[in-house]
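**Q** Model the following, please.
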Amino acid sequence: MGFRITTWNVNGIRQVDINPFGYQPWRDNRSFNAMFDTLEADIVIFQETKIQRKDLRDDMVLVPGWDCYFSLPRHKKGYSGVVIYTRNETCTPIRAEEGITGLLCPPNSTTPYRHLPDDQQIGGYPSMEQLSELQADPAVLDCEGRCVILEFPAFVLLGLYCPAARDETRDDFRQGFITLLDARVRNLVAMGKRVIVAGDLNISAGEIDSAHLTEAIRKGTGSEDEFVSSPVRRVFNHLDMKDWWSEGNIQEGLMGSDHCPVYAIFKERVLLDGNEVDIKDIVNPPGMFVNGIRQREYSAKDLLPLSGRLIPEFTQRRSIKDMFTRKPSSSFKENSVAITNALNETFVPVPSESASTNTVEPFQSPSKPELYKSQSNSERTSDTSANGVSKRARKENAPAPPPKRSKSGGKSDPKTSGKGQQSLMGFFKPKKTQGSQDAKNAEEASAPGLEDALGSSPTKSIPPVSSSPQRPSRPSQETTTDSGATTESTDETVIDPIVSKESWSKLFTKKATPRCEEHQEPCIMLTTKKPGINCGRSFWMCSRPLGPTGQSEKGTQWRCKTFIWASDWNGQDGGA
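**A** Just a heads-up that it's a prediction; the model follows:
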């Protein structure tokens with residue numbers, strides 16, 4: 001099968017429940033990919049898309065296996081619009097532009113197409129002299145989203161939606177657009193390029209296309225020669241590439257618009273400069289196909305700046321799934337292994353020369369692992385403080401907690417190591433008072449012998465002790481009394497979990513319904529809808545109906561005067 005181009009005025013593609021997806025056969029599978037397969041086209045040109053950039057969706061831009069090029073109206077909403085879809089499997093353009101004047105700029109650029117380097121522009125732009133002859137502003141002619149131009153090695157394709165002849169107010173615009181179109185086509189042909197014009201041209205090319213010509217000839221107000229030679233029809237009087245086509249027709253059986261699709265099919269092999277070549281070789285960048293056989297796959301480097309896939313809303317996006325499926329890089333794995341090895345070295349237990357079978361394992365300080373390696377015996381002896389000794393003395397009968405991990409490379413000062421980041425349990429422990437500090441100082445003063453014993457130890461860990469070690473002397477009675485007072489004051493700050501649970505439950509419990517003052521019945525909640533500062537506020541009022549007077553009454557069986565703003569109700573005073 002040859003290379004197929006289809007053009008179709010779809011009369012809007014924004015909503016999936018109307019044109020064209022509201023009709024068969026598109027209704028069963030409402031996707032562009034399924035539509036293109038039904039059309040069996042390699043290039044699809046849509047006109048009158050009636051869509052804005054904010055209305056573009058993934059299903060119409062990120063069509064699997066297809067690329068797209070949009071021309072959208074700059075100002076009017078739900079009006080005009082052209083898009084060309086190209087099948088990546090069979091064709092790839094080498095350049096793409098929007099508009100026929102060359103005055104528009106490519107995406108993410110402030111340089112108009114006509115001022116780009118020669119290797120980046122399609123060319124054939126109307127000259128300044130041709131632009132000056134127009135009655136309409138040239139800059140306005142390309143602002144309605146009416147033209148997309150794609151260049152292939154074989155030809156230049158113009159996808160158009162030409163202005164219709166509606167009334168005299170649009171005659172200058174329509175005539176200017178057709179004039180520039182004619183100039184652009186002729187300039188491209190003069191450059192030696194073949195041109196294909198496709199789309200909804202809104203021009204009746206011959207007598208058979210016009211219902212008004214027969215009436216004009218009958219009345220003597222016009223002739224067929226005058227009709228054919230009019231400026232808007234001259235562009236069709238000189239056609240080329242006739243021998244490239246094998247078939248062309250309409251598909252009137254495909255519903256979905258007030259127009260039907262029109263298609264044309266290239267021959268599989270065509271004559272190019274006297275040589276017969278495969279059509280795929282000349283509708284793709286050089287080297288992608290040779291004799292109709294693909295040499296390399298389509299890739300992201302083949303995307304053109306005008307491609308819809310490069311619109312910021314649709315490019316370089318990540319889904320939440322990517323956050324869970326992405327694998328870490330090799331450097332991350334190496335760093336993780338290095339950190340793990342460093343931590344393993346940090347937590348190697350320090351052997352004790354005097355350890356015996358009837359002794360307990362020595363306790364190793366978790367906060368200063370690196371000091372074991374870097375400090376000498378004399379430094380270790382001098383760094384041992386009375387504060388640290390008293391803490392160990394009080395905890396010698398308690399099971400030693402597992403050592404906490406610390407950074408292998410960090411060296412901490414013994415005086416400042418206690419000021420680091422707290423653990424989670426530290427937020428639930430009561431704060432130490434002045435009484436506990438005095439008791440602590442008293443304990444420090446009562447254990448000089450233990451400090452001396454630790455001072456001669458070769459490490460900072462507590463040496464092994466026998467199963468019945470000698471306990472340090474008890475602190476004085478005064479210290480014990482102060483410590484007991486501190487314990488009592490600390491117990492007062494303990495939070496009762498039951499009380500805490502009840503306080504939290506109140507935050508999520510629905511407030512009780514208030515009762516009306518007159519009848520002591522549950523009130524009803526209503527919302528203010530009257531415009532003003534209170535619009536949207538909720539309030540409580542008596543649930544009974546209004547009486548004959550139409551107003552709230554007191555001392556009757558009808559609605560009383562109870563009125564409470566919902567924001568003022570605390571849910572406690574007289575609730576139901």
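
**Q** Only C-alpha atoms from now on, for both contacts and neighbour counts.
**A** Fine.

**Q** Now do the SS call for L507.
**A** helix (DSSP: H, G, I helix; E, B strand; the rest coil).

**Q** Now do it: how many residues are near it, please.
**A** 9 (other CA atoms under 10 Å).

**Q** cool, D258 as well?
**A** D258: 11 surrounding residues under other CA under 10 Å.

**Q** For the nearest residue to it once chain neighbours are set aside, give me its contacts.
**A** Spatially, and ignoring its direct neighbours in sequence, D258 is nearest to N11 (7.1 Å; CA to CA, 6 or more residues apart in numbering). With contacts defined as CA atoms under 8 Å, 6 or more residues apart in numbering, N11 is in contact with N19, P20, Q47, E48, T49, K50, S257, D258.

**Q** Nearest to V494 among these?
**A** K50 (68.9 Å; CA to CA).

**Q** Next, the buried residues of stretch 287-301.
**A** Within stretch 287-301, the residues that count as buried by 16 or more other CA atoms under 10 Å are M288, F289, G292, R294, Y298.

**Q** CA atoms of that stretch as PDB?
**A** Output of stretch 287-301 as PDB, limited to C-alpha atoms (Å, rounded to 0.1, in the frame of the first residue of the first chain):
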ATOM      1  CA  GLY A 287      19.500   7.800   5.900                       C
ATOM      2  CA  MET A 288      16.500   6.700   8.000                       C
ATOM      3  CA  PHE A 289      15.200   4.600   5.100                       C
ATOM      4  CA  VAL A 290      17.100   3.100   2.200                       C
ATOM      5  CA  ASN A 291      15.100   1.400  -0.600                       C
ATOM      6  CA  GLY A 292      12.100   1.300   1.700                       C
ATOM      7  CA  ILE A 293      13.900  -0.500   4.500                       C
ATOM      8  CA  ARG A 294      14.400   1.300   7.800                       C
ATOM      9  CA  GLN A 295      18.000   1.900   8.800                       C
ATOM     10  CA  ARG A 296      17.500   3.500  12.200                       C
ATOM     11  CA  GLU A 297      14.600   4.000  14.500                       C
ATOM     12  CA  TYR A 298      12.700   7.200  15.300                       C
ATOM     13  CA  SER A 299      14.200   8.900  18.400                       C
ATOM     14  CA  ALA A 300      13.700  12.000  20.500                       C
ATOM     15  CA  LYS A 301      16.400  13.800  18.500                       C
END
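
**Q** what's that stretch in contact with?
**A** Under CA under 8 Å, 6+ apart, the answer for stretch 287-301 is N88, E89, V277, D278, I279, K280, D281.

**Q** Farthest pair within the buried residues of stretch 287-301?
**A** G292 and Y298 (14.8 Å).

**Q** Low-confidence stretches in the stretch 1-150 of the chain?
**A** Applying pLDDT under 70 to the stretch 1-150 of the chain flags residues 1, 16-18.

**Q** Just flag the most distant two among the contacts of N11.
**A** Pairwise distances across the contacts of N11 peak at 14.1 Å for K50 and D258 (criterion: CA to CA).

**Q** Report how far apart the opening and closing residues of stretch 265-275 are.
**A** 20 Å (CA to CA, to the nearest Å).

**Q** does T92 sit in a helix, a strand or a coil?
**A** Strictly by three-state DSSP, T92 counts as coil.

**Q** any idea which helix is longest in this structure?
**A** What stands out as the longest helix in the chain, according to DSSP state H, is helix 171-190.

**Q** what sits up against that one?
**A** 100-101, 123-126, 130-131, 134-136, 138, 141, 162-165, 194-195, 231-232, 235.

**Q** Which strands and helices lie in contact with the very next helix or strand once past it?
**A** For helix 171-190, the succeeding helix or strand toward the C-terminus, using DSSP states H and E, is strand 195-200. Using 3 or more CA pairs under 8 Å, 6 or more residues apart in numbering; DSSP states H and E, the elements in contact with strand 195-200 are strand 4-9, strand 43-47, strand 156-161, helix 171-190.

**Q** could you dump the ones you listed to JSON lines with distance to C68 and mean neighbour count?
**A** Below are the helices and strands packed on strand 195-200 laid out as JSON lines (distance: least, CA to CA, whole Å; neighbours: other CA atoms under 10 Å):
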{"stretch": "strand 4-9", "distance to C68": "14", "mean neighbour count": "22"}
{"stretch": "strand 43-47", "distance to C68": "9", "mean neighbour count": "26"}
{"stretch": "strand 156-161", "distance to C68": "12", "mean neighbour count": "25"}
{"stretch": "helix 171-190", "distance to C68": "22", "mean neighbour count": "19"}
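
**Q** Export those to a markdown table and append columns for distance to I203.
**A** Shown next, in a markdown table, are the helices and strands packed on strand 195-200 (distance: least, CA to CA, whole Å):
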| stretch | distance to I203 |
| --- | --- |
| strand 4-9 | 14 |
| strand 43-47 | 15 |
| strand 156-161 | 11 |
| helix 171-190 | 10 |
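
**Q** Any idea which of these gets closest to I94?
**A** Closest to I94 of the helices and strands packed on strand 195-200 is strand 156-161 (CA to CA; 10.1 Å).

**Q** pLDDT (mean, whole number) over the closest one?
**A** Strand 156-161 carries an average pLDDT of 96.

**Q** what's the angle from it to strand 43-47?
**A** 30 degrees (axes from the mean of the first three to the mean of the last three CA atoms, to 10 degrees).

**Q** Can you tell me what sits against strand 156-161?
**A** Contacts of strand 156-161 (CA under 8 Å, 6+ apart): 45, 47-48, 80-84, 146-151, 193-202.

**Q** what about burial for these, which qualify?
**A** 45, 47-48, 80-84, 146-151, 193-201.

**Q** and R14, how far is that from R74?
**A** For R14 relative to R74 (CA to CA), the value is 17 Å.

**Q** Who has more neighbours out of the two?
**A** R14 (18 against 15).

**Q** Setting aside sequence neighbours, what's the nearest residue to that one?
**A** I51 (5.8 Å).

**Q** and the one you found, how far is that from D225?
**A** For I51, the distance to D225 equals 39 Å [CA to CA].

**Q** okay, the two: which has more neighbours?
**A** Set I51 next to D225 and count neighbours by other CA under 10 Å: I51 wins out with 22 against 8.

**Q** Does the more buried one touch K77 like I think?
**A** Yes. Here I51 reaches K77: they are 7.2 Å apart, a contact under CA atoms under 8 Å.

**Q** What is the burial count for Q52?
**A** Counted with other CA under 10 Å, Q52 comes out at 19.

**Q** So it sits against H75, correct?
**A** No. Between Q52 and H75 there is no contact under CA under 8 Å: 9.4 Å.

**Q** about what we covered before: can you select the buried ones from the contacts of helix 171-190 in PyMOL?
**A** To isolate the buried members of those in PyMOL, using 16+ other CA under 10 Å:
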select buried, resi 100+101+123+124+125+126+131+134+136+138+141+162+163+194+195+232+235
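
**Q** Distance of the closest residue to A566 other than its chain neighbours relative to F32?
**A** Spatial nearest neighbour of A566, excluding adjacent residues (CA to CA, 6+ apart): F539 at 4.7 Å. The gap separating F539 from F32 is 52 Å, by CA to CA.

**Q** what do you get for V44?
**A** For V44 relative to F32 (CA to CA), the value is 11 Å.

**Q** cool, and R170?
**A** From R170 to F32 the distance is 33 Å (CA to CA).

**Q** Ok, H259 next?
**A** Counting by CA to CA, the gap from H259 to F32 is 18 Å.
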